[in-house]
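Trainee: Predicted model and sequence below, questions to follow.
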Amino acid sequence: MTMDKTFDAKTAEPEIYARWEEAGAFRAGANASRPETFSIVIPPPNVTGSLHMGHALNNTLQDILARWKRMQGFDVLWQPGQDHAGIATQMVVERKLAAEGQPSRRELGREKFLEKVWEWKRESGDTIIRQLKRLGASCDWSRNRFTMDEGFHDAVLRVFVGLYKAGLIYRDKRLVNWDPHFETAISDLEVEQVETRGALWRLRYKLADGLTYRHPMVREGEGPDAPLRGWTPADGAPDAWEERDYVVVATTRPETMLGDVAVAVSADDPRYRDLIGKELVLPLANRRIPILADQHADPTKGTGAVKITPAHDFNDFEVGRRHGLPMINVMDTRARLALEGNEDFLRAAAPTPEAMALHGLDRYEARKRILELAEAQGWLDGRDEEVHVVPHGDRSKVAVEPFLTDQWFVDAKALAAEALAAVRDGRTVFHPRSWEKTYFQWLENIEPWCVSRQLWWGHRIPVWYGPDGTPFCEASEDEARAAAEAHYGRPVALERDPDVLDTWFSSGLWPMGTLGWPEDTPELRRYYPTSVLVTGFDIIFFWVARMMMMGLHFMKDAQGRPQVPFRDVYVHALVRDEKGKKMSKSVGNVIDPLDLIDEYGADAVRFTLASMAAMGRDIKLAVGRVAGYRNFATKLWNAARFAQMHGCKPDPAFDPAAARLPLNRWIAGETARLRRDVDAALSDYRFNDAAGALYAHVWGVVCDWYVEMAKPILTGPDGADKDETRAAMAWAIDQCLIMLHPFMPFVTEALWGQIAPRDKMLIHADWPAWGAELEDPAADAEIGWIIALIEGVRSVRAEMNVPPSAKIPLTLVSGGPEAEARIRKSLPLISRLARIETFSVADAAPRGAVTLTLEGAEVCLPLAGVIDAGKEKARLEKALDKLRKEIAGLEKKLSNQSFLAKAPEEVVAEQRERLEAARDEAARLEGAVARAAQMV
RNA sequence: GGGCGCGUAGCUCAGCGGGAGAGCACUACGUUGACAUCGUAGGGGUCGCUGGUUCGAUCCCAGCCGCGCCCA
């Protein structure tokens, strides 16, 4: 039965994937024939997420490595799993409830709401897995893990307890980045700096007790009548002095003013030097606040006087700490002003009714109202337009509020030391190396990591509080109870901390947790440290650095030395659209990998991504490339179809090293070179080079030349040549299938099955180890020469407008018996591929013949009458011109004494050879030009 | 402001010290029994600019111009 003309990816891919699964082909250790392991943990996608281009790239690369190593006989584990993605998932479920008109999260309460989340997870949790399967991912699904699964959940709590007991986790009242939309703390990394057009408002705060001072002024412009403005350090000598009973502070956030506790100035600022230690009266609140000297005040910025609001600004928080200032929080968790019943605010203040009326206003409403009041009451000094960066929550997209709360922190600095050392001394290596800099930079400047989140979906912090607030941190409630009883001497009621952990806290222990830690499982012993982590650069901080910190802290070898979670980190690029823009839903430039798979097949999508995955570069995805690689799959398909139609069957007795025909010896050598190139490229994570080598071999070598050159033999008479070529052809195509399989698993597996009955599926076929034993320079030279001859004839025919259907004679003019033998031996295929009718040998080119120069030989095509002599002369002259330029360049180089003296010998020799060959060819061309000239 | 990276054919990209490459697009021709998701031939590039190092620079170094990204 003849094969179809094309591969039907749509129906074949699911069938093939099902066969792999049924056979347990992805199981850890499947096809292992050697002791070495190769393990990868998947970067866990969001359990309720769906596959985007980033996933497609990331998992294609992992799958290529996994399949390659599996075929090589390594004990491979590709560990899959999903992440619970705290904020993102909670957000999705809340939105869904709202859209369906169901009770809100608050109305439901914690327990009921979490049921809804689990429900949603059950509904949509398999989507991403199904999508990864469509891509062809060969993960060991039997080991799939989810960060909220029981075992993994326990591991997370144990890590928390372990770090707590080691003094590396602590509770502290500090300013954190607060997301007023989700009403939770977030870490520094979850904050995006957004450039925003805003304003710098100047506010006048009155000096207490009727105090006044002289403020230096300068004239704006020439002459005594020019208007005065406040002096700044850039101005030189002041022009005048102004008696003031107030100090002007500049702020971008007037709404925080009710929480001001001081005004800071630079200690040596001439404007304010004498005011240090004096007091101001804060408008609206009527609270006396000191003027103090602090390095935070920059005389060149604003007015040089800066209001200090420790509970609402990170810099001010530090100033407050240095000066022992109170911290007055004037907002609630949704960033509304909170004044009524706010003891910190009311203490030592006498707020006006207008001030108290601000209670409950949203921060932006409050800003507007405060500015109105300031203007009406005469303490608004002015406003300057300004562009400044405002921190926003990366999920909520609202401005985050520095907020004073109790949170749990990880002493990241302590954990960072070993994580830095492990990369510095090469226990873990980044590819490309340049990302190590990014990693170092972040870890060297690391801040305490806020790990508590005021969310419900996640791992609840394993801390229980006694009646007097004493915390008991234990892995379970029972253990906490026991600890409390020991502490109080009697059983007491305990209350668990309501907060959950940052999602990245749990993903930080992904490599060890998925392998069974804290149990001492065989998998943990066998596959940890993992071989390589494949990930995007955008989560080096979030994830890679944290896995390093946690892995090194908890995993030790027999000698107690810290064990890295992975030996290599391959960092790939972001997939952008073809103009280089980041894909985003709002821009509308998102390409859905599943749409591409539907249209072109998973193999084409995978091959495209692999081809474009050059290290250290972004991927700009052009859909046209995908179509091109779909065509490539079709090309391969048809080469196999051709082989099948001509009775090429894999022959176990065929030994490529013992092939007799130069053609078959040549393809064996080409195949061995391919094997070497692909292995070398994949070993270095040069996916694009491996893909490029495969493409060039399959299309440019096998299809364009090997198949074409084999045709005369395969369609010719039966005999030894035909038998050998049939076996060699089957072998050559099998080798292509094997080496292409990691990149295009579906079409190759389908062909593997169609070509012959096999012992094993292709996914478990043995990766070849062909080397130099298959290379034959004589065969390479002969086939290369024939190819050059055919290309030369074709080129002349096209240029001379010889009709493709016309068969023409070929005459060998010089080159001797060797050239003649070469041509005679391959005459059937030369005739076929170059459309040659007869072959002859002559001492000189016949009149009116077109001349073709080859390495060591000269042939001509007697086309007198067929061709235009003038055109032929022009063609030859053009070629000659090009050659002469090359010769001139080479001669110049070779007559340069410095070059001869300093260039490496082999380079000099190479240039000499090139010159000789060029002169040789030029001589023949000159003769041809002369003959053509006679005809004109 | 600090750091990283990128400017190579019309487009998307490889190459990164000794002969400018691929795919797509383009032009011409083609039903040679695997394939029109194809074949054959061809056009197209002062390798961003300016200096420097070198016998030799698209490749190394410096500066500049343009474009990204990360951190403050």
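Mentor: Good, I have the coordinates. Nothing here was measured: the structure is a model prediction, and the numbers come from that model.

Trainee: what's the closest non-adjacent residue to A:D651?
Mentor: Once flanking residues are discounted, A:D651 sits nearest to A:A727: 4.1 Å by CB to CB, 6 or more residues apart in numbering. From N, CA and C alone the C-beta is placed, and that goes for glycine too.

Trainee: Quick one: mean pLDDT for the helix or strand containing the one you found?
Mentor: Here A:A727, judged by DSSP states H and E, is contained in helix A:720-740. When pLDDT is averaged over helix A:720-740, the result is 96.

Trainee: and what of stretch A:912-919?
Mentor: 85.

Trainee: Could you pull up the residues touching A:E436?
Mentor: A:423, A:430 (CB atoms under 8 Å, 6 or more residues apart in numbering).

Trainee: Provide a list of residues in contact with the residue nearest to A:D651.
Mentor: A:A727 sits next to A:648-651, A:653-654 when contact means CB under 8 Å, 6+ apart.

Trainee: Pick out the most distant pair among the residues you listed.
Mentor: The most widely separated members of the contacts of A:A727, counting by CB to CB, are A:C648 and A:A653 (14.3 Å).

Trainee: Who has more neighbours out of these two?
Mentor: Neighbour tally, A:C648 and A:A653, criterion other CB atoms under 10 Å: the higher count belongs to A:C648, 24 against 6.

Trainee: what pLDDT does the more buried one get?
Mentor: 94.

Trainee: That one against A:D734, yeah?
Mentor: No - judged on CB atoms under 8 Å, A:C648 makes no contact with A:D734 at a distance of 9.9 Å.

Trainee: Name the helix or strand for A:V569, please.
Mentor: strand A:566-572.

Trainee: could you give the mean pLDDT of the next helix or strand after that strand?
Mentor: Using DSSP H and E, the helix or strand that directly follows strand A:566-572 along the chain is strand A:575-576. Confidence over strand A:575-576 (mean pLDDT, whole number) is 74.

Trainee: Show me what strand A:575-576 is packed against.
Mentor: Identification of packing neighbours for strand A:575-576 by 3 or more CB pairs under 8 Å, 6 or more residues apart in numbering; DSSP states H and E yields helix A:53-71, strand A:619-620.

Trainee: from the stretch 801-936 of chain A, which residue is nearest to RNA strand B?
Mentor: Nearest to RNA strand B in the stretch 801-936 of chain A, going by CB to the nearest atom of the strand, is A:S898, at a distance of 2.9 Å.

Trainee: How many neighbouring residues does that residue have?
Mentor: 7.

Trainee: Also A:D8?
Mentor: With other CB under 10 Å as criterion, A:D8 counts 10.

Trainee: Quickly note the distance from it to A:V698.
Mentor: Going from A:D8 to A:V698 by CB to CB, to the nearest Å gives 20 Å.

Trainee: Am I right that A:P402 sits in a helix?
Mentor: No - with DSSP: H, G, I helix; E, B strand; the rest coil as the criterion, A:P402 is assigned strand and is not in a helix.

Trainee: Which residue, neighbours along the chain excluded, lies closest to it?
Mentor: Nearest non-adjacent residue to A:P402 (CB to CB, 6+ apart): A:L175, at 4.8 Å.

Trainee: and the one you found, what helix or strand is that in?
Mentor: Element membership for A:L175 (DSSP H and E) is strand A:169-179.

Trainee: all helices for the stretch 501-650 of chain A, in order.
Mentor: Secondary structure of the stretch 501-650 of chain A (DSSP state H, counting those that start in this stretch): helices at A:503-507, A:510-514, A:522-527, A:546-554, A:593-600, A:602-612, A:623-645.

Trainee: could I get those helices as CSV with distance to RNA strand B and mean pLDDT?
Mentor: Shown next, in CSV, are these (distance: least, CB to the nearest atom of the strand, whole Å; pLDDT from 0 to 100):
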stretch, distance to RNA strand B, mean pLDDT
helix A:503-507, 14, 91
helix A:510-514, 21, 94
helix A:522-527, 31, 92
helix A:546-554, 15, 93
helix A:593-600, 8, 90
helix A:602-612, 6, 91
helix A:623-645, 3, 91
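
Trainee: can you tell me which of those comes nearest to A:R832?
Mentor: Between those, helix A:623-645 lies closest to A:R832; by CB to CB that is 14.7 Å.

Trainee: A:G167 - how many residues pack around it?
Mentor: As a burial measure, A:G167 scores 9 neighbours (other CB under 10 Å).

Trainee: Kindly apply the preceding question to A:W767 instead.
Mentor: So A:W767, with other CB under 10 Å, has 19 neighbours.

Trainee: unless I'm mixing things up, it is touching A:M71, no?
Mentor: Yes - contact criterion CB under 8 Å: A:W767 and A:M71 qualify, at 4.1 Å.

Trainee: Residues that sit against both of those two, list them.
Mentor: Taking CB under 8 Å, 6+ apart as the contact criterion, the common neighbours of A:W767 and A:M71 are A:I738.

Trainee: Please list all residues in contact with the residue nearest to A:I128 when sequence neighbours are not counted.
Mentor: Nearest residue to A:I128, sequence neighbours excluded (CB to CB, 6+ apart): A:P45, at 5.0 Å. Shown in contact with A:P45 (CB under 8 Å, 6+ apart): A:51, A:55, A:82-83, A:128, A:132.

Trainee: Relative to A:A909, which of those is nearest.
Mentor: Closest to A:A909, out of all of these and judged by CB to CB, is A:H55, at 51.6 Å.

Trainee: Grab the nearest non-local neighbour of the closest one.
Mentor: A:H55's closest residue in space is A:P45 (CB to CB, 6+ apart), at 5.9 Å.

Trainee: Contact partners for A:M91?
Mentor: A:182, A:395-396.

Trainee: Quick one: which of the residues you listed is the most crowded by neighbours?
Mentor: A:F182 (21 neighbours).

Trainee: doesn't A:G86 make contact with it?
Mentor: No - contact criterion CB under 8 Å: A:F182 and A:G86 do not qualify, at 9.6 Å.

Trainee: Now do the shared contacts for these two.
Mentor: Common neighbours of A:F182 and A:G86 (CB under 8 Å, 6+ apart) are A:L455.

Trainee: Most proximal residue of chain A with respect to RNA strand B?
Mentor: Residue nearest to RNA strand B within chain A (CB to the nearest atom of the strand): A:K620, separated by 2.1 Å.

Trainee: Tell me how many other residues surround that residue.
Mentor: Neighbours of A:K620 (other CB under 10 Å): 16.

Trainee: ok so, going back, can you put the helices of the stretch 501-650 of chain A in TSV and add mean neighbour count?
Mentor: Output for the helices of the stretch 501-650 of chain A, formatted as TSV (neighbours: other CB atoms under 10 Å):
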stretch	mean neighbour count
helix A:503-507	26
helix A:510-514	28
helix A:522-527	16
helix A:546-554	25
helix A:593-600	19
helix A:602-612	27
helix A:623-645	19
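
Trainee: In JSON lines: these, plus distance to A:R214.
Mentor: What follows is the helices of the stretch 501-650 of chain A, written out as JSON lines (distance: least, CB to CB, whole Å):
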{"stretch": "helix A:503-507", "distance to A:R214": "55"}
{"stretch": "helix A:510-514", "distance to A:R214": "65"}
{"stretch": "helix A:522-527", "distance to A:R214": "74"}
{"stretch": "helix A:546-554", "distance to A:R214": "56"}
{"stretch": "helix A:593-600", "distance to A:R214": "70"}
{"stretch": "helix A:602-612", "distance to A:R214": "68"}
{"stretch": "helix A:623-645", "distance to A:R214": "71"}
